[in-house]
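Asker: Output the structure for:
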Amino acid sequence: MAEFQSFVPPDQHPPEFTVRAIVLGSIFGIIFGAVTVYVGLRAGLTVAASIPISVLSISILRAFGRASILENNIVQTTGNAGQSIASGVIFTLPALVFLGFDLEYSRIFMLALIGGWLGVLFMIPLRRQLIVKEHGVLPYPEGTACADVLIAGEKGGSLASRVFLGLGLGGLYTFFQNGNLFRAWPGSPGYEPDYGPQHILKGSAVNADATSEYLGVGYIIGTRVAGVIFAGGVFSWLVVMPLIYFFGKALPQPIYPGQIPIAQMGPSDLWASYIKPMGAGAVAAAGLITLLKTLPTIWSALTAGITSMRGGAGAEKAQKPIRTENDLSMSVVIIGSLLIVACMFIFLEVKPVPGAFVGWGANLAASLLVVVFGFLFVTVSSRIVGLVGSSASPVSGMTIATLMATAAVFLVRGWTAPAFGALAITIGGVVCIAASNSGDTSQDLKTGYIVGSTPRLQQIALMIGVVISTIVIGSTLNLMNTGLQEFQAQSEPWDINAAHAGVSVEQDKKHLPAEIRVVQSDKSAQTHQASEYVLLNAIGSTELQDGKYLYSPQTGKIEVHWIQGIGSASAPAPQARLMATVINGILSRKLPWGLVLVGVSLVIAIELLGIRSLTFAVGAYLPIGTTLPIFVGGVVRWLVDRAAAKSGDSEAESDISSGSLFASGLIAAGGIAGLIGVALKAVEATYMQNRDILNFPRGTILDHTPVSVIAFGLLAYALFYFARRPLKK
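Answerer: Modelled structure (predicted):
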């Protein structure tokens, strides 16, 4: 086999680690980190950011003079850190909300920083083995595709125009569709079947959160994956929920974990009470099955990683490496790892989880455990993504394994209070972030290897990208939790002086707005003062659903259900919900095991059919309003591929096709405009007594469901049209 030659030879030294490259990469890291948080919490999925960042970088830097391919690679390396860190954060740390804790910015920032740096540090000694020596064995599909984009941009041609076109059309559409912005037409058209005197299909629903980002996600993940996700949604919303209503409508009493009789439940109530636990069991089982399937790969990855570290220690001292083989030294890895242990220990000592005081010995053990699990799963993740790509890496399964091991230790020690669940999330969250970041780090290093970058400079850029992106991720999480929160009217007699298992009175109401807008059952709203109420927190209660409630001493009733933005139908955060379910199930031993085991059995059946069960399980958990527009994007992809096959188009649909670039623009547009809407809603709630600033008047000619369907159909047609138009060479 001929020796590999990078695009830029080692003896050439074009501009690479420049100020403008770092600044532009940092800006992209902030933007795509925030967009990933927004889309990931809503859709439960993330998409790679390296290709759209590369395309945009080529265009932007070209406008300011000649830019080298190595500069553009530093931009995408720095910026892509935001997406990978955000992915790890949203899969775990929002579980703190489900466990009844606040999302403290300092906690999110520190855990994201530690996890991100772990992912970069542990990839330094693994790069030579995984990227260089196994170049022909581990393809790293996203990294190779990104290198193709950079090389195409260096040779000429316009790629960025298609991304900007998607960004413009998607942004325009989102401003009129989004309920937090203009809302010219209904953002989520829907239909609830109820046929005849037998109420056939009552309890089911078909609706679509018709956003540009879901359409783009469906196109990029492809027809089959989008179809499997939607199949999970169809099973939950059109099969299981009607069955629950059919068999339960005659029962006069609530069925746990529901709090009201089934006959009084709408589709959203059935989903929240019964589908969520079933879906969490399905996702947990699918993640563990994926982990078990990859055990041989995990073992070989771990042994190969240890062997390469032993073998490479002495060789690098013999002579100074050439530019394209110049990594940060092993001393940086060792010192950095010790500093991370120290930072984690100090953080746990200085800012412990409220109610989880375990002593300095346990905190030191937890800090060491983070590094041990981190090294194990960084080694595993970086090899697996080399084989199958980042999207198929079983990061959730690795995180579940970490949480189960940690929670089991806590159970043996008798640490079963909810606060210890939050401590377990702290440990698991860092490991998940490290594994997620290492996968994307290895893809970036593969891109650099192909184009001829300097590894040491890429590794420094990754460290900078981690720091910059973590600044915005915590703020975005809190913004979504606040901007999407709702206060729903409820009337339930409550004896505040009696003991209620799983329900506690919270004295700290600093995150509760002074004025709250309570939505009644008829959708009307009334404004109340927070000082009128006592704040209750329910975790694992048989009387109340998990969440926060406002009790009125004047009436002796719970009058308001405070629904946090994260965990609501607008941002279900399925992976984080799963993590909270796993921890609660082990520590409290109070779990609707019947529903959880139904989800496990469902996953086993799907595996026997030869279908990737994790994809189906995520679809079964998510609202159908999320999976349906994703499926529409998959259908558009199928139509484009079919048209290309009929016309004999030689250019196969790939990561750098016109359709994928346009879809990337749609995702970015939906995320950016959606975040603007969430921020606006938070401002309205805080400073403007919840007055709608931008919303169109209700009842106009546009305010009808058919208009929403037509508008979304036109956007889907635009995606099809521009996907069929070839890129300019």
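
Asker: Tell me where the stretch 501-650 of the chain has strands.
Answerer: Taking DSSP state E, counting those that start in this stretch, the strands of the stretch 501-650 of the chain run over residues 503-506, 515-519, 525-529, 534-538, 547-552, 557-563.

Asker: what's around the spatially closest residue to residue 18 that is not a sequence neighbour, how many residues?
Answerer: Nearest non-adjacent residue to residue 18, counting by CB to CB, 6 or more residues apart in numbering: residue 71, 5.7 Å away. Quick note: C-beta positions are derived from backbone N, CA and C, even for glycine. Per other CB atoms under 10 Å, the neighbour tally for residue 71 reads 23.

Asker: Surely residue 71 touches residue 21?
Answerer: Yes. If you go by CB atoms under 8 Å, residue 71 and residue 21 touch, sitting 4.5 Å apart.

Asker: what do these two both touch?
Answerer: Jointly contacting residue 71 and residue 21 under the rule CB atoms under 8 Å, 6 or more residues apart in numbering are residue 61.

Asker: Put together TSV for the strands of the stretch 501-650 of the chain, with distance to residue 104 and mean pLDDT on each row.
Answerer: Formatted as TSV, these follow (distance: least, CB to CB, whole Å; pLDDT from 0 to 100):
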stretch	distance to residue 104	mean pLDDT
strand 503-506	15	85
strand 515-519	22	86
strand 525-529	26	86
strand 534-538	16	89
strand 547-552	16	90
strand 557-563	18	91
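
Asker: so which of those comes closest to residue 83?
Answerer: Comparison of the strands of the stretch 501-650 of the chain against residue 83 by CB to CB identifies strand 557-563 as nearest, at 28.1 Å.

Asker: Okay, now the sheet partners of that closest one, with direction.
Answerer: Within its sheet, strand 557-563 is paired with strand 486-493 (antiparallel), strand 547-552 (antiparallel), according to DSSP bridges.

Asker: hmm, who's touching the shortest one?
Answerer: Right, strand 547-552. For strand 547-552, using CB under 8 Å, 6+ apart, the contacting residues are 100, 487, 490, 494, 496, 506, 516, 530, 532-538, 557-564, 567.

Asker: now the longest one
Answerer: The contact list for strand 486-493, computed with CB under 8 Å, 6+ apart, reads 516-521, 526, 549-550, 556-563, 568.

Asker: Stretch 516-524 now?
Answerer: Residues outside stretch 516-524 that contact it (CB under 8 Å, 6+ apart): 486-489, 525-530, 550, 559-560, 562, 685, 689-690.

Asker: What does the pLDDT read for the closest residue to residue 252 other than its chain neighbours?
Answerer: Sequence neighbours aside, residue 261 is the residue nearest to residue 252 in space, at 6.2 Å (criterion: CB to CB, 6+ apart). The model reports residue 261 with a pLDDT of 92.

Asker: residues contacting residue 261?
Answerer: 248, 251-254.

Asker: before we move on, what about residue 663?
Answerer: 166, 215-217, 219-220, 633, 719, 723.

Asker: Just flag the most distant two among those.
Answerer: 217 and 723 (14.7 Å).

Asker: For the two, work out which one has more neighbours and name it.
Answerer: More crowded of residue 217 and residue 723, by other CB under 10 Å: residue 217, with 29 against 24.

Asker: Regarding the more buried one, what is its secondary structure?
Answerer: Following DSSP: H, G, I helix; E, B strand; the rest coil, residue 217 is assigned to helix.

Asker: Local confidence estimate at it?
Answerer: Reported pLDDT for residue 217: 81.

Asker: dump the residue contacts of the nearest residue to residue 202 once chain neighbours are set aside.
Answerer: Excluding the flanking residues, the one nearest residue 202 by CB to CB, 6+ apart is residue 194, at 4.5 Å. Counting by CB under 8 Å, 6+ apart, residue 194 touches 200-202.

Asker: mind running it again at 10 Å?
Answerer: Listed by CB atoms under 10 Å, 6 or more residues apart in numbering, the contact partners of residue 194 are 200-204, 245.

Asker: again with residue 11
Answerer: 322-324.

Asker: Also residue 203?
Answerer: By CB under 10 Å, 6+ apart, the contact set of residue 203 is 192-194, 237-238, 240-246, 248-249, 262-263, 265-267, 269-271.

Asker: give me that answer again for 8 Å
Answerer: 241-242, 244-246, 265, 267, 270.

Asker: List only buried entries from those residues.
Answerer: Neighbour-count burial (16 or more other CB atoms under 10 Å) applied to the contacts of residue 203 gives 241-242, 244-246, 265, 267, 270.

Asker: Export stretch 181-201 to PDB, keeping only CA atoms.
Answerer: Written as PDB, here are the backbone C-alpha positions of stretch 181-201 (Å, rounded to 0.1, in the frame of the first residue of the first chain):
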ATOM      1  CA  LEU A 181     -42.200  35.200  17.500                       C
ATOM      2  CA  PHE A 182     -44.800  36.400  15.000                       C
ATOM      3  CA  ARG A 183     -46.900  33.300  15.000                       C
ATOM      4  CA  ALA A 184     -48.800  34.200  11.800                       C
ATOM      5  CA  TRP A 185     -50.300  30.700  11.600                       C
ATOM      6  CA  PRO A 186     -50.500  27.800  14.100                       C
ATOM      7  CA  GLY A 187     -47.100  26.400  14.700                       C
ATOM      8  CA  SER A 188     -48.300  22.900  15.500                       C
ATOM      9  CA  PRO A 189     -51.200  21.800  13.400                       C
ATOM     10  CA  GLY A 190     -52.900  18.700  14.900                       C
ATOM     11  CA  TYR A 191     -55.900  16.400  14.900                       C
ATOM     12  CA  GLU A 192     -57.300  14.200  17.700                       C
ATOM     13  CA  PRO A 193     -59.400  11.300  16.300                       C
ATOM     14  CA  ASP A 194     -62.700  10.300  18.000                       C
ATOM     15  CA  TYR A 195     -64.900   8.400  15.700                       C
ATOM     16  CA  GLY A 196     -68.500   7.300  16.400                       C
ATOM     17  CA  PRO A 197     -70.300   6.300  19.600                       C
ATOM     18  CA  GLN A 198     -67.500   3.800  20.500                       C
ATOM     19  CA  HIS A 199     -64.900   6.700  20.500                       C
ATOM     20  CA  ILE A 200     -62.600   4.800  18.100                       C
ATOM     21  CA  LEU A 201     -59.000   6.000  18.400                       C
END
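
Asker: Tell me the buried residues in it?
Answerer: Applying a neighbour-count criterion of 16+ other CB under 10 Å, one finds 181-190, 201 buried in stretch 181-201.

Asker: And for stretch 720-729?
Answerer: 720, 722-723.
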